[in-house]
Each structure stands twice: as C-alpha cells, then as structure tokens.
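J.: heads up, no residue letters with this:
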DNA sequence: GTCTATAATTAGATAGAC
DNA sequence: GTCTATCTAATTATAGAC
C-alpha cells in the first residue's frame, strides 16, 4: 500500500526485528546472566530463529553489549529529561527529585541492577567494558553532586563512595528482590504508591543530617 | 599410624571431602547461579571427580540446598553469638551493633546476597524453599526489632518492609559490587577499616530520626 | 569412597537454500 | 532478511570397575 524509499539499506521489517531481539536479550541476560542466557530462548521470545541473532549481531557477546547499551540509554534519557525540567530549582530539591527519578527507574527497569550484579561476580572483559563505558559516567555525575551536598552540610559527612552504594543499594534492592519481598511482607514492590513510599523513605534517611552532639 | 574407630559408618576422608565440595559449591553457585554453575568445575575446585558429587549429594539440586544451608547457618551463628554477648545492653545499642555484625558478615560472605539475588530472578521451587526455610526467620526477627525501634521513636516512622530492604541493600551492595567499587572509587571494600566505615555510615543514616518540622 | 567411561541433552556458531 | 540443518563442544547423570 505504501511506497517505500528505495534508498534504504535494510528491509522495513529489520528494524522491528532488531528491537524485538534486543528486548528479549535484555530480559534473558538480566535474568540468567551472560552464560546462562540461551540464544535459542532469546530468539524464541523475539519470535525469530536462532541463527538470525548471529545475522543481526555478530555474536552473543555483541548482542549483550547492544542490549546493555539500551538500558543505560534509557536511564540517561530519564535522568536528563528530569533534570531539564528542574532548571532554576535549588540543588537540594533537585537532588531529592533525582533520587526519586532513579528509584522509579530502578523499579521500572530492575534489569539495570541485575546486569550490573551479574557482571560484578567475575572479573573479565565484559565487566571492564560495562564499568568504563556506562557505569563510570553515572558514578562520576552522582558522586560530584553528593560531594557538593556534603560540602554544603546537606548530607551527613560520609565519603561519597559509601553514599553511592548506600543510595543505589537502598533504592534498588527491594525491586531486585521483588518476589522475595512479596512473599515475606505482602507488599507489592511495583505498586506505584509503594515505589513512591520507598523513594520518600530513602530520601528521608539520606537527607537527614545527624546531630553532631551524638 | 592412628588406630581408627571401627564403628564409624563413613571413611575418615569422607567428611573433609564433603566440606571441600560444599565450599566449592557455594562459591560456584553464588558466582554463576544454579544453572550456570557446572558440577565439573565444583568437583575440580574440590579436587575430586564429578561423579563423586552425585555420590555424596544425590543431585545438583540437593548439593545446592546443602551449600545454601551452610551460609545461613554461618549467618545465624554469627548473629546469635553477637547477641549473646550483649545481654543487658539497651535495645538501641544492641540494634546498632547487630547492624555492624550483619554488615561485617555481608562483607565476609557476599555469597549470601548473591545467592538470594540469583534465585529472586525466577519464581520456582528453589526460591520457595530459600525464602520459607531461611529468609523468613531472618526477616521476621529483623522486622520485629525494627518495629520496636520505630514504636520507640528511635527510627524514622517508615514501614518495616521498606526499612528491611533499605538496611540490607545499603549494607551489602558495596560488597556485592566490590570489583566495580574498586574501579570506580579506588576504595577497597574488603579493607577492615572500610567495612567499619560503611557500617558506621549505614547506622548513622538509619538511626537519625528526621525533624518533624520538615 | 572414588574412579573411568559414556549416555543423553543442549549450547553457540556456521553453511547454504530461498 | 530469514529459514532449515548440522557441527563441535560442554552439560548432568549413570554404569560399573576398584
């Protein structure tokens, strides 16, 4: 029905196929790890055959990288978009709202933390690539903000490396361990009001400067 | 050289073999997950052959359970021993020292959190068993203490399910992501003084009740 | 209690038709 | 761009010698 541009190099179906493969790959890799994920299952979820993965992405390794690129791009977009909406807002309020945004993202995309946790188990080229390509920019931006808040007396005087892992761990663990949380407490972690409540809790604990009087 | 009791049912070598297998199994399962861990590698690390695992533990599944029993037994021992040394101490101080103990244990045995994280990715009988057998007693004891502290005004009024995941996430993540932490910050998470500093930080943030005056 | 040898399954990657 | 068929290697579990 619709005339297609003759200049395009790939068939119109290819884009959506790639997208489906990437979505399936992210899911499988985050759930089962790089070695544990079977390319056949990724293909099956994407409703294509297994050799097609090799056609679109040269190898399992490159497919993994493309899938990881995807989540981090989504995170960056979410954080930058939020920040753009906060021009002129003071730094403490901005930081609190960014923590909210980060926790919302962690709930919507627990794959992010799962992938990092998976790869942090064994030293290797995948961890090298992951940290240097994606995590370091995130860490640097976060800890720079945290340091300014500590210097301004808005955060407890704790080294920023510790604050970083307290923030990310406290923020994400409930969603990464969602099936456990549901069983133990009856709380549904992905309920929007629960996500909100969790973010409020983390912000409340983080942004309360302790008495210097012990 | 040494005369052995004739009444024992297993050879003297068997006990130490079982221990070596269990140690190797815990390491492999925590690093690679149940499916990812190869029984051949577990056997190799324990310096035995692969069919011997089947002899001592009927299947890979039962080996996994035995290995998991081991870490949780170690955690229980550590916490109970610490608690026994604190008879007569007030509840707030006790709680703070138990948080320290938990964080020290998490640093010494990151396998605990790795195993839980692994299994929480897919619903299944292993997760059922893990939660009901080992995690629930831990969760119940912890949240009962947290609730008493909230009621006494010693902790911010946050639902205990949230406090539980904030505490465990904030306490353990730095050690679970140790290779990343090292690269990003230069901080060595397993340095005893760093562990101590991290525990102090978590306690400081957790036990500071926010101003009700916003 | 520990081994060697092997059976049955499944993995990622490739060849080549369409 | 997508498929079927297949190769090679690695997996858990088992049989049976010692």
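T.: That came through, no problem. Computed from a predicted model, the values in this text were never measured in an experiment. Numbers count the residues shown, from 1 in each chain, chains lettered A, B, ... in the order given.
J.: Okay, and the residue nearest the centre of chain A sits in which element?
T.: Centroid-nearest residue in chain A, with Cα atoms, centre = their mean: residue A:112, separated by 3.3 Å. Residue A:112 is located in helix A:111-119, with elements delineated by DSSP states H and E.
J.: same deal with residue A:188?
T.: Applying DSSP H and E, one finds residue A:188 in no helix or strand.
J.: next one: residue A:170
T.: helix A:160-176.
J.: Quick check: what element follows the helix holding residue A:112 along the chain?
T.: helix A:125-130.
J.: Packing partners of that next one?
T.: helix A:60-84, helix A:111-119 (3 or more Cβ pairs under 8 Å, 6 or more residues apart in numbering or on different chains; DSSP states H and E). In short, each C-beta sits where N, CA and C put it, glycine included.
J.: got TSV for those, with mean pLDDT and distance to residue B:164 too?
T.: Formatted as TSV, the helices and strands packed on helix A:125-130 follow (pLDDT from 0 to 100; distance: least, Cβ to Cβ, whole Å):
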stretch	mean pLDDT	distance to residue B:164
helix A:60-84	98	26
helix A:111-119	98	17
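J.: Deepest in the core, which of the ones you listed is it.
T.: helix A:111-119 (a mean of 24; mean count of other Cβ atoms under 10 Å in any protein chain shown).
J.: quick one: contacts of that helix?
T.: A:26-27, A:29-31, A:33-34, A:68, A:71-72, A:75, A:105-106, A:126-127, A:130, A:135, A:168, A:172, A:175-176, B:114, B:117, B:121, B:176-177, B:180 (Cβ atoms under 8 Å, 6 or more residues apart in numbering or on different chains).
J.: pretty sure residue A:100 is touching residue A:203, no?
T.: Yes - counting by Cβ atoms under 8 Å, residue A:100 touches residue A:203, with 7.0 Å between them.
J.: anything in stretch A:195-212 near chain B?
T.: Yes - under the criterion of Cβ under 8 Å from any Cβ of the partner chain, chain B is reached by stretch A:195-212 at A:197, A:198, A:201, A:202, A:204, A:205, A:206, A:208, A:209, A:210, A:211.
J.: just checking, the fourth one touches residue A:103?
T.: Yes - the pair residue A:202 / residue A:103 is scored as a contact, 6.4 Å apart, by Cβ under 8 Å.
J.: and residue A:188, what is it in contact with?
T.: A:182, A:194.
J.: For DNA strand D, see how far away it is.
T.: Distance of residue A:188 to DNA strand D, given as Cβ to the nearest atom of the strand, to the nearest Å: 34 Å.
J.: Next: residue A:160.
T.: Distance from residue A:160 to DNA strand D, by Cβ to the nearest atom of the strand: 40 Å.
J.: what pLDDT does the residue lying closest to that residue once chain neighbours are set aside get?
T.: Nearest non-adjacent residue to residue A:160, counting by Cβ to Cβ, 6 or more residues apart in numbering or on different chains: residue A:143, 4.2 Å away. Residue A:143 carries a pLDDT value of 98.
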